[in-house]
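In: Predicted model follows, preceded by the sequence.
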Amino acid sequence: MARPSKPTMSRALQRRENISGYLFMLPSLFFFIGFVVFPMIICIITSLTDANMHDPGMFGNFIGFSNFARLVKDVDFLEALKNTFIIVIVSVPTVCAFSLWVSSAIYKLSGPVLSAFRCIFYLPVVTGSVAVTVVWKWMYDNYTGIFNHVLKGAGLIEQNINWLGDSKYALWCIILILFTTSVGQPIVLYVSALGNVDQTLIEAAEVDGANSFQIFWQVKWAQMMPTTLYILVITTINSFQCFALIQLLTKGGAGTNTVMYDIYWTAFKLTEQAGHFGYANAMGVVLAIFIGLLSALQFKLAKEK
Amino acid sequence: MKKLLAILLAMTMVMALVACGGNNDNANPSPQDPPETEDQTPEAPAEPAASGELTLWTYPIGDWGKEEKVKAITDAFTADTGISVKVEYLAYADGDDKVNSAITANAAPDLIMEGPERLVTNWGDKGYLVDLSDMFDDTDKSEINAAAMTACTHPNGEVYEYPLVVTAHCMAINLNAFKEAGADQYLDLENHTWTTENFIKAVDALYAHYNAPVGAVYCKGQGGDQGTRALVNNLYGGTFATASHDKYTWDDPKNIQALEQLKGMPGITFDASLEGGDEIKVFYQGILKMAFCWNIAQQLNPNQADTGAGLTANGEEIVFMGFPSENGTPALQGGIWGFGIFNNGDSAKVENAKTFIKWMCDSEHTAEAVKTANYFAARSAAEGTDLTGIWTDNEIMNEYQVLMPYLGDYYQVTKGWAGARTEWWTMLQKVGEGADIAETVATYAGNANAG
Amino acid sequence: MKIENSRSRAYRIASIIILVVLAFLFTFPLYWIVTGGFKNGADINATKPIWIPTEWVMNNYDKLMKQRSVPLWEVYLPFGSFFNGGKKVLLTAGPEAPAAIRWLINAVLMCVAAMLLTCLTAAMAGYALAKKRFNGRALLFSLIVCAMALPKQVILIPLLKEMSALHLYDSLWAVIFPTVGWPFGVFLMKQFSESIPGEILEATRIDGASELKTFSTVVIPMIKPGIGALAIFTFINCWNDYFMQLVMLTSGSNFTIPLGIATLQAETSIDNGLLMAGATLAAAPIIVVFLIFQKYFTQGITMGAVKG
């Protein structure tokens, strides 16, 4: 693509490119293959076995796809899968929309104000997931949390709401925390993307009599497409990193189980059902397939653009 | 900036080299390396003598979860025997996962301190622990509490836990609040017991006075679930498992009646955001007027606002109580804690670990080890030292003795125990959300029995 | 036209108000953490929130420092356990110190190591993917894209066994290596390297510069903002990777501060003051890192993304 003038390279040149290319890739590949690809392959293989922690060997007996057949009927897993998707499907678009709105509202502000806002929205990200979780746990507290106190004080609720203990609210509470820790980067990105929009196009549109709304969607939005796609990718990644929230807030109870947590649970919780590595790995494989598809979809969209 | 970058890069390269170098060494050890490491070993300060080092993982059992107390006793042990002990402190919230992942990574500790429900029914049953039966002679067997000994013994005859301490789990009430609401008339403060009828009256009186839930059936996870189990079982005399410990009996109509009673009381809330520890916090804050997750160590513990032991954060008096039952004689849940040894394939370490257990559980030092736990000794005497009187100078401990006769069946060794606990709190969550009680209990009891 | 203007002014004012409220809400958790750490027992346990501490005390920090004590540092011979029968070879250990300080040091070391390794490997790989036409490039790139969103829980068990086999379990390396292996950095660096004009590379080559020289003198300076962004990004990510820390680190002397705080929560969920003091300690380093490198971050991250 970059060098259309040379569609075919000479064999010697190709070999040189191969050698230097792979040499440059080598350090990265060492870690990528060693600590991501290789474990993933093991994961796929064990998902077809009845491996468990009590067997000395790495792999148990080959049992074909029965782990997967069991998964389809596992109510807990299906609920976890559903919750995982709710988290992704809700948080990704809201994060994008919210950060787009905030950026469009602040990008014209003067320098120091703009950077103050940017920093503030970035704060939850840099506070660190554990610190954030610990403080939110306290704020959500059923008895002494400030949420109930403020809402009750404002007369919005009569009885304390058990935010993290009620399956009507718990998942949404977790999504809210995830949301605050996800919008920081998209806002930074959108602010500069808006600043970089080609002014001549905007002027041309204004001459044509377009109102600010039309300008926004037809000119600015279109130009920010690459940024948006990038944001979609990182927000999706972020949404799958909600393990700390669930482990520290609800332990997967009150309707907040996710596949990520279910894997951990199945592998290590002290139950007779636990230690079923083959089964836990099968969950991992299902999740990986979904994520792979999602990523592929996002990048296909990016290519078409 | 450039310089900084260069330094960073150089550091990275060095680190990468170290990492890769290590890997190569593994594949084909180069001849110079082994002697080099042998030179290093004797210099290592962590290994003072050939007698070696033990790792002990302990759950927070009384003050066995507090470093300053544990360090005092393990240091004394090290001074005595030359065996050093490295202690890691587990939490009930994620301790099990830690042990399990360590087992998976072949990095289990040498010693572990917990009760039979984990040591015997789980890790022992799965063959990770060393049989300790050769540590008990006839004198030991006569000295050790018979129920504790039975609980520590696997059905296959092997003993996976050397018991150190026992206690009865109970509940606690905020006496000031009870008095204020006029509910103290329902308490038998002499014997620390009450009847179901009085319990219901008391809760209603408290609710009428405070207009908010005064007790919480916590069910976020398994932490402190002995409290909710005992509450439900005692209320109408239900059982948790059969006497022969082969089946769970939650679907006993008496348990269902109890759950229906609790669910119907406005003063009692089913709270899926709390575990035992959280409940205690809210109780300390004076919001809940009773705590179901309580025992003597808790009674002796000062609260986090440092207003003193046996008091809430604003200084109100806490009184421990047995669980309410129809005739006022509860069946309390026992706690039996002691040590188990993981079989890490190193017989020298196993011997050292046995020395440790002997030193802690059956020697003149046992009194100290027991006192560190803030519970009662699991045996009457150890190597000639009488252990029955170690708490005579402690008034609260003495008073707590009144509950010990109510110690009920130690059913935590029923098959499928760990799985059943998960089913139990999940069931409470469902009941709390308003699911049909009889149906829910039947489903989850079925799961527990299947598991 | 007039109506339009007044409407848009109203909209602007409304949005500024909303923004200020939001800004307040976004800062509040941090405020609550910091003040919580300095509140006394009565304030912490009050049934109504105490918005401003009635007195500022250091109690909680004192308590935090007394929680555990571990050697301030321990240096092990890398991979020493391979020749020492599975036992690590300790080279030097520091004096006993409050565990929280050790946890802080551990966390910073871990994140810095992960950051440096990631930046170096990703910059090289990103450059190769963008500018070298080697065979299998497209395949590798797709693999990287697909693996980018993969949560580590998926490979939990194999990774644990692998770390155990490499004798890395319960060491910071067990957290560092998978972080470095995570291919997002490569993807980011590829985006940056795309913008390097091919002519410049060509010219350097004609001048007879070696590949490494080209990389260090031409490529690195051009993607510097990107490296800065990736550095902060990796640092924050590694710091926030509670899961890997939870699974891989077991001894109290190897904990990181986030893991330590989470463990304290599990043990003493009853003491919010202590937890907030810990959380302050856990939040401070990354906030400082962020504020120092903020400029690079905002510049760097946007350049890469806007390029698409």
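Out: Okay, I see it.
In: which intervals of the stretch 51-200 of chain C have sub-threshold pLDDT?
Out: Applying pLDDT under 70 to the stretch 51-200 of chain C flags residues C:78-81, C:83-88.
In: for the residue of it found nearest chain A, what are its contacts?
Out: With Cβ to the nearest Cβ, the shortest gap between the stretch 51-200 of chain C and chain A falls at C:F134, namely 3.1 Å. For every residue, glycine as well, the C-beta is placed using N, CA and C. Contact analysis of C:F134 by Cβ atoms under 8 Å, 6 or more residues apart in numbering or on different chains lists A:E17, A:N18, A:S20, A:G21, A:Y22, C:A128.
In: Taking the residues you listed together, which two end up most distant?
Out: A:N18 and C:A128 (10.5 Å; Cβ to Cβ).
In: In terms of neighbours, single out the busier of the two.
Out: Neighbour count, other Cβ atoms under 10 Å in any protein chain shown: between A:N18 and C:A128, C:A128 has more, with 29 against 16.
In: how close does the residue of the stretch 51-200 of chain C closest to chain A sit to A:F24?
Out: 9 Å (Cβ to Cβ, to the nearest Å).
In: wait, A:W138 sits on C:W32?
Out: Yes - with contact defined as Cβ atoms under 8 Å, A:W138 reaches C:W32; the gap is 7.3 Å.
In: Can you pull the residues that touch both of those two?
Out: Shared contacts of A:W138 and C:W32, counting by Cβ under 8 Å, 6+ apart, come down to C:M276.
In: Can you give the domain ranges for chain C?
Out: What automatic domain parsing lists as the domains of chain C is C:1-57, C:72-307.
In: Name the residues of the stretch 251-400 of chain B found near chain A, please.
Out: Proximity of the stretch 251-400 of chain B to chain A, by Cβ under 8 Å from any Cβ of the partner chain, involves residues B:T269, B:D271, B:A272, B:S273, B:L274, B:V282, B:Q285, B:I287, B:L288.
In: Among those, which are located in strands?
Out: Counting by DSSP state E, the part of these found in strands is B:T269, B:D271.
In: hang on, the earlier thing: single out the most deeply packed of the domains of chain C.
Out: domain C:72-307 (a mean of 21; mean count of other Cβ atoms under 10 Å in any protein chain shown).
In: just to revisit the earlier point, now for the residues of the stretch 251-400 of chain B next to chain A, which pair is the farthest apart?
Out: B:A272 and B:Q285 (19.1 Å).
In: Tell me, how many residues neighbour C:P71?
Out: 17.
In: closest one to B:F376 among the domains of chain C?
Out: domain C:72-307 (23.4 Å).
In: Would you mind naming what in the stretch 151-300 of chain B lies close to chain C?
Out: Checking the stretch 151-300 of chain B against chain C by Cβ under 8 Å from any Cβ, the hits are B:E275, B:G277, B:D278, B:I280, B:K281, B:Y284, B:Q285, B:G286, B:I287.
In: closest to chain A among those residues?
Out: B:I287 (4.6 Å).
In: mind putting the residues of the stretch 151-300 of chain B next to chain C in a markdown table, pLDDT and neighbour count included?
Out: Shown next, in a markdown table, are those (pLDDT from 0 to 100; neighbours: other Cβ atoms under 10 Å in any protein chain shown):
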| residue | pLDDT | neighbour count |
| --- | --- | --- |
| B:E275 | 85 | 26 |
| B:G277 | 82 | 23 |
| B:D278 | 84 | 25 |
| B:I280 | 87 | 26 |
| B:K281 | 84 | 26 |
| B:Y284 | 86 | 26 |
| B:Q285 | 84 | 22 |
| B:G286 | 86 | 19 |
| B:I287 | 88 | 23 |
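In: biggest separation within those residues, which pair?
Out: Spatially, the most separated pair among these is B:E275 and B:G286, at 19.3 Å (Cβ to Cβ).
In: related to what we said a few turns ago, return the subset of the contacts of C:F134 lying in helices.
Out: Within the contacts of C:F134, residues falling in helices by DSSP state H are A:E17, A:N18, A:S20, A:G21, A:Y22, C:A128.
In: And what about B:W57, helix, strand or coil?
Out: Here B:W57 is strand, with the state taken from DSSP: H, G, I helix; E, B strand; the rest coil.
In: before we move on, what about C:S171?
Out: Going by three-state DSSP: C:S171 is coil.
In: what about the nearest residue to it once chain neighbours are set aside, helix or strand, and which?
Out: Excluding its sequence neighbours, the residue lying closest to C:S171 (Cβ to Cβ, 6 or more residues apart in numbering or on different chains) is C:N254, at 6.5 Å. Assessed by DSSP states H and E, C:N254 sits outside every helix and strand.
In: about what we covered before: nearest to C:T47, of the contacts of C:F134?
Out: Using Cβ to Cβ, these come closest to C:T47 at C:A128, 60.8 Å.
In: need the contact list for that closest one.
Out: With Cβ under 8 Å, 6+ apart, C:A128 has these contacts: A:S20, A:G21, A:Y22, A:F24, A:M25, C:F134.
In: Count the neighbours of the closest residue to it other than its chain neighbours for me.
Out: Using Cβ to Cβ, 6+ apart and skipping the chain neighbours, the partner closest in space to C:A128 is A:F24 (3.6 Å). Neighbour count for A:F24, taken as other Cβ under 10 Å: 25.
In: ditto for A:F277
Out: A:F277: 30 neighbours (other Cβ under 10 Å).
In: Just want the phi and psi numbers for the closest residue to it other than its chain neighbours.
Out: Distances taken as Cβ to Cβ, 6+ apart put A:A51 closest to A:F277, at 4.5 Å, once the chain neighbours are dropped. Backbone torsions of A:A51, given as degrees, to the nearest 10, read phi -50, psi 140.
In: Surely A:A51 is in contact with A:N67?
Out: No - the criterion here is Cβ under 8 Å, and A:A51 misses it with A:N67 at 9.8 Å.
In: of the two, who's got more company?
Out: A:A51 (27 against 24).
In: so what pLDDT did the residue of the stretch 101-250 of chain A at minimum distance from chain B get?
Out: Distance from chain B to each residue of the stretch 101-250 of chain A (Cβ to the nearest Cβ) is smallest for A:G165, at 3.0 Å. Model confidence at A:G165, given as pLDDT, is 83.
In: How many residues are close by A:L201?
Out: 15.
In: How about it, nearest residue that isn't a chain neighbour?
Out: A:V219 (5.1 Å).
In: Quick check: the one you found is in a strand.
Out: No - assessed with three-state DSSP, A:V219 is helix; it does not lie in a strand.
In: Just to check, it is in contact with A:V197?
Out: Yes - using Cβ under 8 Å, A:V219 is in contact with A:V197, at 6.9 Å.
In: Could I get the full set of strands for chain B?
Out: Using DSSP E, the strands assigned to chain B run over residues B:53-58, B:84-89, B:111-114, B:162-168, B:170-174, B:215-218, B:268-271, B:290-294, B:318-321, B:334-341, B:376-377, B:381-382, B:385-386.
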